[in-house]
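J.: model this:
(one chain, ligands or ions: 1)
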Amino acid sequence: MAPGVDEEAAAIENKELPPSKPEAVKKVKPPKKDKPPQGKGEKGGAMKKETKLGLAVSKSEDFHEWYRLLVLEAELISTYSVSGCYVLRPWAYQLWEAIQTWFDGEIKKLGVKNAYFPMFLTKAALEKEKDHVEGFAAEVAWVTKAGSSELEEPIAIRPTSETIIYPLYSQWIRSHRDLPLKLNQWTNCVRWEFKDPRPFLRTREFLWQEGHTAFATKPEADREVRQILDLYAMIYQDLLAVPVTKGLKTEAEKFAGGLYTTTVEGFIPDTGRGIQAGTSHCLGQKFSKMFDIGFEAVDQQRQLCWQNSWGLSTRSLGIMIMVHGDDKGLRLPPRVAPTQIVIINIPNAKLSEEARTAMASKCSELEALLRQAGVRAECDLRENYSPPWKYNHWEVKGVPLRMEIGPRDMENGTVMLARRDGKAPKEPVKFDQLLLRVPQLLEEIQNSMYTSARTEYDSCIERATTLDEFKAALDRKHMVLAPWCNGLKQEDDLGKATKTAEAMGAKSLCIPFEQPELAEGTMCFYTGELAQNWTLFGRSY
Ligand code: 87F
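T.: Next up is the predicted model:
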């Protein structure tokens, strides 16, 4: 380990770890029934009034502190003693499972099969393809000891698996009949980052899927690159309700080991930063040359395979949280929410024991009914928490819908439905209309979350044809779509030219596949040379 590393990690620790024991919040003994707790004693500071919902810091006031508090209070993560590593609690893991389940089904339809390769690799294997490790070497973590004895050769922990998998592809693929070979694995991955860690976005260990495929021809590989990218865009837009732009990475930003890289690019409006959300690479024949992955073609000539690799990680959850979270906490799109509707009984002190029991049974009955219909419903009938406490609890966790049942509702045969997004007033619904109305509302919420996020995303893209316009757009925390010459070195210069004392320089995010018309003779906004296309730029994560 490089000298100074521990100090750096410790500095990160101090900055990133919440004040001692954030989870003490949940351990505070709840007060007696029907008496809302007077607050949550977090930070040992002033007690928050129960009725003042939400997080201690607002999203606009201090975005990073807001995010740090949110992931803890929504019970998504717990901090951990190894810097840059976090525990994914069930609430977060279920979100990952929702992505996993959907994507796994889709890639299987494309003929992809899952497998598992070891997480360790030898130094020789890692360094086999030089372009590939270059620039990444500092992030590779090594095992050097077993017990107290030094290993003869240090063993690397996978930062990605090209060099683990491809020696096997070289053995397995013999003839055109062995192609295409399409494998995927769902694994953890280790990249020892030194920049500030941030839950989901930048962690030293993360979860992802990585797909590795081999084809006889380039057109087949090209086609799959786009199929996978489309699935990634669907994960974001259709499941997470997060808008993205699909496009091609510039030469400066592509994966150096490959031929070309396609990407889905997200954006965090509050920080004005773009974020790479998933990449699907065509590796061309670069790896097949290095690893000798070839096949006997129909004409009995030996040829090299065309390969792709593609990956999407738990970073996706961070993007979703940042885009949708608000001052009350997390907001979950119904399609991925582990609980889509929480059912809360509101007994009052005057209620007879019998009526209380009847109300609780009604809640359980409706829960069962909704579950039968495929809705992820959950009752919160805990008697040691007051209804307002529960409202707050489930709002912080982002559950899209809440059903309330009080004594009057029991008499009327109705419930009240409250939307987490507050887009409509509470709505009374008859018991027998619930199976109709709840799925409708969930669909409405899903769509409305995407539409608002898309409107905001689009409003954060400006066009620029001069450097001044470009800088002004960046200062407004926007992305910039500009005519670009595609120069490799020029992109590096642009980064320097747009760096300020307060803010990092801009990078290209992608060359969007959907291009505005580029009038003939349009000049690059930066170099004045002939522009090749419209490129999307921004400050980025
Ligand atoms: C860090 C350390 C060592 C990214 C790294 O994008 C190597 C690497 O190769 C590395 N960080 N990369 C590029 C990963 C390329 C590719 N691999 C399969 C993906 C998607 C999944």
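J.: Spell out which parts of the stretch 101-250 of the chain neighbour the ligand.
T.: Proximity of the stretch 101-250 of the chain to the ligand (CB under 6 Å from any ligand atom) is limited to residues His132, Val133, Phe136, Glu139, Val140, Pro159, Thr160, Glu162, Arg191, Glu210. To be clear about C-beta, it is placed using only N, CA and C from the backbone, and glycine gets the same treatment.
J.: correct me, but the second one touches Lys123?
T.: Think Val133. No. With contact defined as CB atoms under 8 Å, Val133 and Lys123 do not form a contacting pair (10.3 Å).
J.: These two: who's more crowded?
T.: Taking other CB atoms under 10 Å, Val133 and Lys123 do not tie; Val133 has more neighbours (20 against 13).
J.: Identify the residues contacting the more buried one.
T.: Listed by CB atoms under 8 Å, 6 or more residues apart in numbering, the contact set of Val133 reads Leu126, Glu127, Val140.
J.: Let's see that with 6 Å instead.
T.: Counting by CB atoms under 6 Å, 6 or more residues apart in numbering, Val133 touches Glu127.
J.: quick one: it and Gly406, what's the gap?
T.: Taking CB to CB, to the nearest Å as the measure, Val133 falls 63 Å from Gly406.
J.: So which of the residues of the stretch 101-250 of the chain next to the ligand wins on neighbours?
T.: Counting neighbours by other CB under 10 Å, Glu162 leads these with 29 neighbours.
J.: Which strands and helices lie in contact with the helix or strand harbouring Leu207?
T.: Under DSSP states H and E, the secondary-structure element containing Leu207 is strand 205-215. Packed against strand 205-215 by the contact rule (3 or more CB pairs under 6 Å, 6 or more residues apart in numbering; DSSP states H and E) you find strand 181-190, strand 306-313.
J.: which of the ones you listed sits most buried?
T.: strand 306-313 (a mean of 24; mean count of other CB atoms under 10 Å).
J.: Distance from that strand to the middle of the chain?
T.: 17 Å (CA atoms, centre = their mean, to the nearest Å).
J.: now do stretch 461-471
T.: For stretch 461-471, the distance to the chain centre is 29 Å (CA atoms, centre = their mean).
J.: So which residues on this structure come close to the ligand?
T.: Residues of the chain lying near the ligand (CB under 6 Å from any ligand atom): 132-133, 136, 139-140, 159-160, 162, 191, 210, 255, 279, 281, 309-311.
J.: Which helix in the chain has the most residues?
T.: What stands out as the longest helix in the chain, according to DSSP state H, is helix 434-459.
J.: Give me the helices and strands touching the helix or strand just after that one, please.
T.: The first helix or strand that comes after helix 434-459 along the chain, using DSSP H and E, is strand 461-463. Packing contacts for strand 461-463, counted by 3+ CB pairs under 6 Å, 6+ apart, involve strand 479-484.
J.: Listing partners with orientation, what would you give for the strand it packs on?
T.: Using DSSP bridges, strand 479-484 pairs in its sheet with strand 461-463 (parallel), strand 533-540 (antiparallel).
J.: Buried ones in the helix or strand following it, by neighbour count?
T.: Heading C-terminal from strand 479-484, the first helix or strand you meet, by DSSP H and E, is helix 488-497. Neighbour counts over helix 488-497 (16 or more other CB atoms under 10 Å) mark Gln490, Glu491, Leu494, Gly495 as buried.
J.: ok and helix 488-497 relative to strand 479-484, angle-wise?
T.: 140 degrees (axes from the mean of the first three to the mean of the last three CA atoms, to 10 degrees).
J.: coming back round to it: ranking the strands paired with strand 479-484 by burial, who's on top?
T.: By mean count of other CB under 10 Å, the strands paired with strand 479-484 have strand 533-540 as the most buried, with a mean of 22.
J.: contact partners of that strand?
T.: Contacts for strand 533-540 (CB under 6 Å, 6+ apart): 273-274, 479-481, 483-484, 504, 506-512, 515-516.
J.: Out of the residues of the chain next to the ligand, the closest to Leu201 would be?
T.: Ranked by distance to Leu201 (CB to CB), those are led by Arg191 at 12.5 Å.
J.: distance of the closest one from Arg202?
T.: As for Arg191, its distance to Arg202 is 9 Å (criterion: CB to CB).
J.: Phe63 now?
T.: From Phe63 to Arg202 the distance is 15 Å (CB to CB).
J.: For the residues of the stretch 101-250 of the chain next to the ligand, could you give me a markdown table that also reports secondary structure and pLDDT?
T.: As requested, those are exported to a markdown table (DSSP: H, G, I helix; E, B strand; the rest coil; pLDDT from 0 to 100):
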| residue | secondary structure | pLDDT |
| --- | --- | --- |
| His132 | helix | 73 |
| Val133 | helix | 79 |
| Phe136 | coil | 90 |
| Glu139 | helix | 95 |
| Val140 | coil | 96 |
| Pro159 | coil | 96 |
| Thr160 | coil | 96 |
| Glu162 | helix | 95 |
| Arg191 | coil | 97 |
| Glu210 | strand | 98 |
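J.: Okay, Leu370 and Thr357: tell me how far apart.
T.: 21 Å.
J.: can you pull the pLDDT of the one residue in the stretch 301-450 of the chain that gets nearest to the ligand?
T.: Minimum separation of the stretch 301-450 of the chain from the ligand (CB to the nearest ligand atom) falls at Gly311, amounting to 2.8 Å. Residue-level confidence at Gly311 comes out at 98, pLDDT.
J.: Now flag whichever of the buried residues of helix 488-497 is closest to Met320.
T.: For these, with Met320 as the reference and CB to CB as the criterion, the closest is Gly495, at 27.9 Å.
J.: Surely that closest one touches Gly505?
T.: Yes. Counting by CB atoms under 6 Å, Gly505 is a contact partner of Gly495 at 3.7 Å.
J.: Neighbours of Ala355, how many?
T.: Neighbours around Ala355, by other CB under 10 Å: 15.
J.: Is it in a helix, a strand, or coil?
T.: Put simply, Ala355 is helix when judged by DSSP: H, G, I helix; E, B strand; the rest coil.
J.: and it, how far is that from Phe431?
T.: Note on Ala355: its distance to Phe431, by CB to CB, is 16 Å.
J.: Then Ile341?
T.: Separation of Ile341 from Phe431 (CB to CB) stands at 14 Å.
J.: Low-confidence ranges, the stretch 101-250 of the chain, go.
T.: Counting by pLDDT under 70, the stretch 101-250 of the chain shows low-confidence ranges at 131.
J.: If anything else comes up later, I'll come back, but that's it for now.
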